[in-house]
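My questions concern the predicted model and sequence given below.
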Amino acid sequence: MLPEEFIEQLTLSLGPERAGEVFSYIQYTQPSVAVRANPFKVSDVESLSFLPFDTERGTYSQWGRFLTSRPEFALDPLFHAGAYYVQEASSMYLERIMPLMAEMRQARPDGAFKVLDLCAAPGGKTTHLLSMLREIPGSFLVSNEVIRTRAAVLCENVSKWGAANVVVTNNDPADFAALPGYFDVMVVDAPCSGEGMFRKDPEAVAQWSEDNVRLCAARQHRILSDVLPALRPGGLLVYSTCTFNHYEDEDNVAWLVSEYGFEVLEQKHFYPGDEMAGEGFFFSLLRKGGGGDMPVFSNASKSRGGRSGGSAAYRPFGSLDWVRDGFTVYRKGPMLKAFPGQVAEAMQAFELSSGLRVMMSGSAVAEVKDGNRGKLLVLPQYSLIQSEVYRRGSLPEIEVPLETALACLRLGPVVLRDAPAGYVVLTYSPEAVPFGLVKNLGSRCNNLLPSSIRLRQI
Ligand code: SAM
């Protein structure tokens, strides 16, 4: 049963006929299922022929496709390998900003192009942005989530996607006030009353109330006003929700225009049943007014924790055979991390000077330890083989069948009789995507898969 006040509100905004259609889609049809391929890991990103499931039409994303039904993703090793992301199809409309970002970058080719995803967990928009930024050299993404446990899940999904030009932070939107005018593009996919999730999630219906809509609208105001100073004049803002009501959607956009002088480039609702849409979604794209450059990092280095600027904490390490050309390896404490050469310094300066709580940055590729007779041991990390920085074939790779792949993902015993001793990367086909890293001891393997991401029995 849909809440009466919700029915009244939507009927008022859409008219009885259109609203009636939307209500019947919500009540009498199944949620659609869509996935988005990972261009860092697979080559057939158009038809997604590597999927062991039936696909149908395309989505708003060049990398996305609808599936004919919802499979058990957890039993597909390519899902764990990050070959694709399961994402609500309407959200893929975000790709609309890709040509605009590319244009902005061309107009300002110097320095790093900086994008913020403010409300990022579990990582749908972040992984999508990273695929887009792959085609915009010299860019990096700050992916933020305020709730700690959700930020941990975000880190897992970001590692799995494999891009190295990303910093994950765990901060309140107000903390970004220390970075005036820093970002070129900002995505605020705000927490909302979730009317667009009614078909998929009965809990969203149960929790809906008019009071909660007002509370959400007030919270969205606060989030936006806290973070907006960090967007540079002329920068792009995407403000989106998965709800339909005007309090959280159009009214907030109108307030951005009247209060902050934003220009609306586009705003659009998506409803269940629309051709390319999945669940309900509201998307708005705005440009910040004003001109001239604002100071960057004006008060960031004297912010919390006495952390100083500069990248003294990072020391160049020299080349590492496992890391592809174009990425630079640095040592920070016992960790070796790889960054895209073009933005390495900008990312490190951000990490060390922004005063934000950074949970990960770049790709952790190895740990160094003192070995015998003063020798330095360099031990590869699991995140190496998840990352775009990994040079394919620099470690022995073997392709394994489904049963072995699932055993490895469950952290069960793995024996590789014909593989060489030492570190071995396990891959899974059709696209031979790396998903496992083991140390082969002959009679058994030590599995380097972190237990936090192991496949639990289903
Ligand atoms: N963008 C994500 C994606 O595509 O996967 C979904 C984001 S979800 C709609 C909204 C996120 O905002 C949640 O992860 C939630 O934890 C976070 N959030 C909740 N309260 C917040 C607040 N006061 N400020 C910033 N973010 C908040």
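Arrived safely, thanks for sending.

and this protein, which residues reach the ligand?
91, 119-125, 145-147, 150, 173, 189, 191, 219, 223 (C-beta under 6 Å from any ligand atom). All C-beta spots, glycine's among them, are computed from the backbone N, C-alpha and C.

which ones among those residues are found in helices?
Counting by DSSP state H, the part of the residues of the chain next to the ligand found in helices is 124-125, 150, 219, 223.

Now, of the residues of the chain next to the ligand, which are buried?
Buried positions within the residues of the chain next to the ligand, assessed by neighbour count (16 or more other C-beta atoms under 10 Å), are 91, 119-125, 145-146, 150, 173, 189, 191, 223.

of the residues you listed, closest to Gly278?
Comparing these against Gly278 with C-beta to C-beta places Ser91 closest, at 7.6 Å.

For Met359, state which of the buried ones among the residues of the chain next to the ligand is nearest.
Closest to Met359, out of all of these and judged by C-beta to C-beta, is Glu145, at 8.8 Å.

Next, the contact list for the closest one, please.
Glu145 makes contacts with 119-121, 151, 154, 168-170, as judged by C-beta atoms under 8 Å, 6 or more residues apart in numbering.

can I get these in a markdown table with distance to Tyr390 and pLDDT?
Output for those, formatted as a markdown table (distance: C-beta to C-beta, whole Å; pLDDT from 0 to 100):
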| residue | distance to Tyr390 | pLDDT |
| --- | --- | --- |
| Cys119 | 30 | 98 |
| Ala120 | 24 | 98 |
| Ala121 | 25 | 98 |
| Ala151 | 24 | 98 |
| Leu154 | 21 | 98 |
| Val168 | 19 | 98 |
| Thr169 | 24 | 98 |
| Asn170 | 26 | 98 |
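
Just those: which are in strands?
Among these, DSSP state E puts 168-169 in strands.

Identify the farthest-apart pair in the contacts of Glu145.
Largest pairwise distance in the contacts of Glu145, by C-beta to C-beta, is 13.0 Å, between Cys119 and Val168.

Which residue lies nearest the spatial centre of this protein?
Thr126 (2.3 Å; C-alpha atoms, centre = their mean).

okay, and the common contacts of Cys119 and Val168?
Both Cys119 and Val168 are contacted by 144-145, under the criterion C-beta under 8 Å, 6+ apart.

Report the secondary structure element holding the residue nearest to Glu56 when sequence neighbours are not counted.
Distances taken as C-beta to C-beta, 6 or more residues apart in numbering place Phe66 nearest to Glu56, at 4.9 Å, with adjacent residues excluded. Take DSSP states H and E as the rule and Phe66 turns out to sit in strand 64-67.

Which stretches in this protein count as helices?
So, for the chain - with DSSP H - the helices run 4-14, 16-28, 77-80, 98-107, 124-133, 148-161, 202-207, 210-227, 250-260, 344-353, 382-386, 402-409.
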